[in-house]
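Participant: sequence and predicted model, in that order:
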Amino acid sequence: MTADRSGRTGPPGGGLLVAGTTSDAGKSVVTAGICRWLARKGVKVAPFKAQNMSLNSFVTREGAEIGRAQAMQAAAARVEPTALMNPVLLKPGSDRSSQVVLMGKPVGELSARGYFGGPGSPGGASLYAGRREQLLGTVTECLAELRRTHDAVICEGAGSPAEINLRRTDIVNMGIARAARLPVVVVGDIDRGGVFASFFGTTALLSPQDQELIAGYLVNKFRGDVSLLEPGLDMLRDLTGRPTVGVLPYAHGLGIDEEDGLRVSMRGAVRESVVAPPHGADVLRVAVCAVPLMSNFTDVDALAAEPGVVVRFVDRPEELTDADLVIVPGTRGTVRALAWLRERGLADALVRRAAEGLPVLGICGGFQLLGERVEDEVESKAGTVAGLGLLPVRVRFAREKTLARPVGEALGERVEGYEIHHGVAEVLSGDEEFLDGCRVGAVWGTHWHGSLESDGFRRAFLREVARAAGRAFVPAPDTSFGALREEQLDRLGDLIEEHADTDTLLRLIEDGVPEGLPFIPPGAPSLPAQRQQGPDHGGPLAPAGHDVTPPDPAAIDAPGRIDSLEGGNA
């Protein structure tokens with residue numbers, strides 16, 4: 001398999017679906033690792049995830065919002081991210097609701113029951129069937145277009161393919177695998193224990209049609225002597241007729257972009273990066289308020305990569321006492337975050353910090369709540385709510401979401417970022433402009449995500465923070481966040497190249513599903529007759545085309561909200 005960088009005109013490129021026994025089994029990192037390994041071989045490869053649930057998102061150059069994990073995987077593949085790589089993005093707004101983003105644009109705020117036609121929902125199963133066909137048609141077209149223009153497409157599943165309550169609604173695991181006839185490798189996290197039972201049980205709960213696509217297993221996060229594991233792998237092959245295509249060792253310090261902001265530890269959590277000794281005399285302590293529905297918490301990764309910068313997530317006012325910088329990050333619920341800060345005493349602590357001239361940075365939703373007031377008839381529908389009053393800013397929520405990739409200058413340095421927000425900020429005054437926001441004393445606010453990844457600006461900002469905090473901290477002159485990210489992606493490629501059966505992986509990608517894979521009983525349980533809709537009972541799928549058209553938003557925007565929170569995505 002070699003790259004044709006002048007553009008493909010022949011048959012579709014190869015493909016593989018990386019599924020998992022559970023959420024957080026390692027699907028995202030394995031997908032990225034395979035992409036980087038193939039890219040280093042000169043293969044023109046692209047990542048793909050039909051449906052993602054995440055509060056960490058990114059804006060492509062064409063102004064489309066996709067999961068940040070897919071943007072990371074595109075970087076691993078050395079290609080520019082596009083909406084084709086993540087056609088459906090679900091952004092949780094509560095335990096049972098999500099904003100639906102189709103082909104990079106928001107189309108509604110719906111519930112799983114209202115969307116999928118659960119008991120008591122308008123239209124029932126027949127409503128679900130039409131919507132699923134629309135979404136599956138869209139995602140199969142996106143995958144077909146990527147395969148037309150690339151030598152290989154590495155797809156990532158979501159949660160587990162054996163979530164039997166959700167199989168009929170599935171478009172991201174066996175649903176897309178069946179539609180595109182993709183071989184599937186199942187990843188299991190052995191660090192959690194029970195990996196053999198998970199591999200066997202996942203396979204045995206699938207229908208015969210789904211099982212025939214399960215081509216092998218991959219063990220993730222193994223610690224110890226692999227020879228002690230090998231008898232179990234041999235027995236697993238005897239039981240299932242399928243090989244284990246790799247045993248990846250537990251790798252520390254892989255600070256890659258995570259999918260789900262809801263899963264981060266709410267107190268005392270430090271980013272994966274090991275804190276290097278400070279370049280100057282002091283360390284710099286950064287406290288990140290772990291607000292509800294925290295989004296794009298990857299904004300602090302660039303700080304954690306700086307020698308001598310200690311980053312932790314906090315949820316108590318006492319934990320701000322020794323912080324040199326407090327960050328209020330983005331959130332999908334600005335009004336809810338404001339209430340949370342007040343309930344926990346963090347709001348008063350932030351006001352005291354500002355009065356004492358100690359540094360505070362608000363990003364996106366965190367910027368909005370630092371202002372004088374928030375008018376929200378869109379997200380929370382709470383009307384006008386008083387902000388913390390630390391910045392002369394008034395925010396009004398618009399129905400249209402701002403999605404942009406701005407470039408500007410701050411503190412004498414060039415800055416690049418991206419914007420994802422409904423709130424429109426009116427800056428009334430301030431000591432000085434700060435990106436699209438402002439600065440008053442030692443309080444900064446901006447809508448720009450990713451600005452701290454600009455090396456020169458990050459160093460200048462940390463110098464300002466150190467001066468205001470009275471710390472003898474000096475930023476290292478040569479830290480390149482982009483280079484560090486590349487090193488991490490190369491480490492993922494190394495894991496695949498050194499610890500996976502790459503010959504088997506290449507054969508699956510190029511040749512497709514192996515013939516004669518055995519059925520493992522009992523298979524998927526039967527659904528009640530009134531619910532027999534979906535992949536094993538529906539008609540043929542529409543053929544994939546060249547022009548990718550998302551479903552009609554009017555057809556999506558039913559009462560309630562959508563997501564697959566009840567199934568989980570990771």
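Facilitator: That came through, no problem.

Participant: quick one: distance of stretch 505-520 to the chain centre.
Facilitator: 28 Å (Cα atoms, centre = their mean, to the nearest Å).

Participant: could you do stretch 302-321 as well?
Facilitator: With Cα atoms, centre = their mean, you get 22 Å for stretch 302-321.

Participant: could I get the average pLDDT for that stretch?
Facilitator: Stretch 302-321 carries an average pLDDT of 94.

Participant: likewise stretch 182-192?
Facilitator: pLDDT averaged over stretch 182-192 gives 97.

Participant: give the buried residues for it.
Facilitator: For stretch 182-192, the buried set under the neighbour-count rule, 16 or more other Cβ atoms under 10 Å, comprises L182, P183, V184, V185, V186, V187, G188, D189, I190. C-beta coordinates here come from the backbone N, C-alpha and C atoms, glycine included.

Participant: looking at it, the last one is touching F222, isn't it?
Facilitator: The one in question is I190. Yes: using Cβ atoms under 8 Å, I190 is in contact with F222, at 5.2 Å.

Participant: list residues touching both of these two?
Facilitator: Listed as contacting both I190 and F222 by Cβ atoms under 8 Å, 6 or more residues apart in numbering are L229.

Participant: where are the low-confidence patches of this protein?
Facilitator: 1-11, 95, 112-130, 255-275, 527-570 (pLDDT under 70).

Participant: can I get the buried residues of stretch 182-192 in CSV including secondary structure and distance to F313?
Facilitator: Shown next, in CSV, are the buried residues of stretch 182-192 (DSSP: H, G, I helix; E, B strand; the rest coil; distance: Cβ to Cβ, whole Å):
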residue, secondary structure, distance to F313
L182, coil, 37
P183, coil, 39
V184, strand, 35
V185, strand, 33
V186, strand, 32
V187, strand, 27
G188, strand, 28
D189, strand, 23
I190, helix, 27
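
Participant: of the residues you listed, closest to P359?
Facilitator: Nearest to P359 among the buried residues of stretch 182-192, counting by Cβ to Cβ, is D189 at 38.3 Å.

Participant: so what's the backbone phi/psi at the residue nearest to the closest one when sequence neighbours are not counted?
Facilitator: Leaving aside its chain neighbours, D189 sits nearest to A25 (4.6 Å; criterion: Cβ to Cβ, 6 or more residues apart in numbering). The phi/psi pair for A25 (degrees, to the nearest 10) reads phi -70, psi -20.

Participant: list the buried residues of stretch 518-526.
Facilitator: Buried residues in stretch 518-526 (16+ other Cβ under 10 Å): I520, G523, A524.

Participant: how about the strands in the stretch 301-450 of the chain?
Facilitator: Using DSSP state E, counting those that start in this stretch, the strands of the stretch 301-450 of the chain run over 309-314, 325-328, 330-331, 360-363, 373-376, 383-386, 393-404, 407-410, 413-416, 419-427, 432-434, 437-440, 443-446.

Participant: reformat those strands as CSV; add mean neighbour count.
Facilitator: Formatted as CSV, these follow (neighbours: other Cβ atoms under 10 Å):
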stretch, mean neighbour count
strand 309-314, 22
strand 325-328, 26
strand 330-331, 28
strand 360-363, 29
strand 373-376, 20
strand 383-386, 12
strand 393-404, 17
strand 407-410, 16
strand 413-416, 16
strand 419-427, 19
strand 432-434, 16
strand 437-440, 22
strand 443-446, 28
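
Participant: sweet, I'm off.
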